[in-house]
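Q: Pasting the sequence and the predicted coordinates here, then a few questions.
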Amino acid sequence: AQSVTQPDIHITVSEGASLELRCNYSYGATPYLFWYVQSPGQGLQLLLKYFSGDTLVQGIKGFEAEFKRSQSSFNLRKPSVHWSDAAEYFCAVLYSGAGSYQLTFGKGTKLSVIP
Amino acid sequence: NAGVTQTPKFQVLKTGQSMTLQCAQDMNHEYMSWYRQDPGMGLRLIHYSVGAGITDQGEVPNGYNVSRSTTEDFPLRLLSAAPSQTSVYFCASSGDWTNEQFFGPGTRLTVL
């Protein structure tokens, strides 16, 4: 079965500092990978996705992620964090097969930004 | 274009009561899903649908029923609420399962 691990429950960074959020997945086939962001009291919004091709994908709000098959990782990065980036971030892997489609989320990483 | 709407926003139930959480989308999306979000657990898939008349179970389906009679609506039914179902529930839709899922604002449910 597929699974997603986000090792960091909570990360605090200073505004303007760089950010990397870790995500490791377990899936037997080529993964479809996503990063979503959830602001307090809101639903989730897609930041970026990876299906195939270039392993470095660009997303909205200046975020990027790199797929590394050898490490089963899909880490999210941003070179300079803004206070408005404070939110919870979820990595997800899509399982599809035998007519079934299931998106499995990690448990999330909460990002706090110090002014 | 309202996107994905959910009603109610908040609900308090007593153990054993039943209720239906409503979800509607106006984007003509085939794929719709229900998730529950609990602290420290991320989002877990309850049920999903790949089109009108077609539903399937997700990771945590017990205690919940769904049906999909139209493309627009995907209600989630709790037949006999239990305290373990206290959670925030999100509905999502997508035109293609491999693409972005659009999430509703959520329903916060408390079962006493």
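A: Sure, I can see it. What you are looking at is a predicted structure, and each value in this text was computed from that prediction instead of being measured. Numbers count the residues shown, from 1 in each chain, chains lettered A, B, ... in the order given.
Q: Pairing partners for the residue of chain B found nearest chain A in the sheet, please.
A: Proximity of chain B to chain A (C-beta to the nearest C-beta) peaks at residue B:103, 3.4 Å away. Just so you know, the C-beta spots here come from the backbone N, C-alpha and C atoms, and that holds for glycine as well. Beta-bridge pairing for residue B:103 (DSSP bridges): residue B:92.
Q: show me what contacts it?
A: Counting by C-beta atoms under 8 Å, 6 or more residues apart in numbering or on different chains, residue B:103 touches A:43, A:44, A:45, B:4, B:90, B:91, B:92.
Q: And residue A:51, by the same measure?
A: A:32, B:98.
Q: same thing but 6 Å
A: residue A:32 (C-beta atoms under 6 Å, 6 or more residues apart in numbering or on different chains).
Q: Local confidence estimate at it?
A: On pLDDT, residue A:51 comes in at 87.
Q: swap in residue A:102?
A: Residue A:102 is given a pLDDT of 84.
Q: Which residue does chain A have closest to chain B?
A: At 3.4 Å from chain B, residue A:43 is the closest residue in chain A, using C-beta to the nearest C-beta.
Q: That residue against residue B:105, yeah?
A: Yes - using C-beta atoms under 6 Å, residue A:43 is in contact with residue B:105, at 5.4 Å.
Q: okay, those two: which has more neighbours?
A: Between residue A:43 and residue B:105, counted using other C-beta atoms under 10 Å in any protein chain shown, residue A:43 has the larger neighbour count: 22 against 16.
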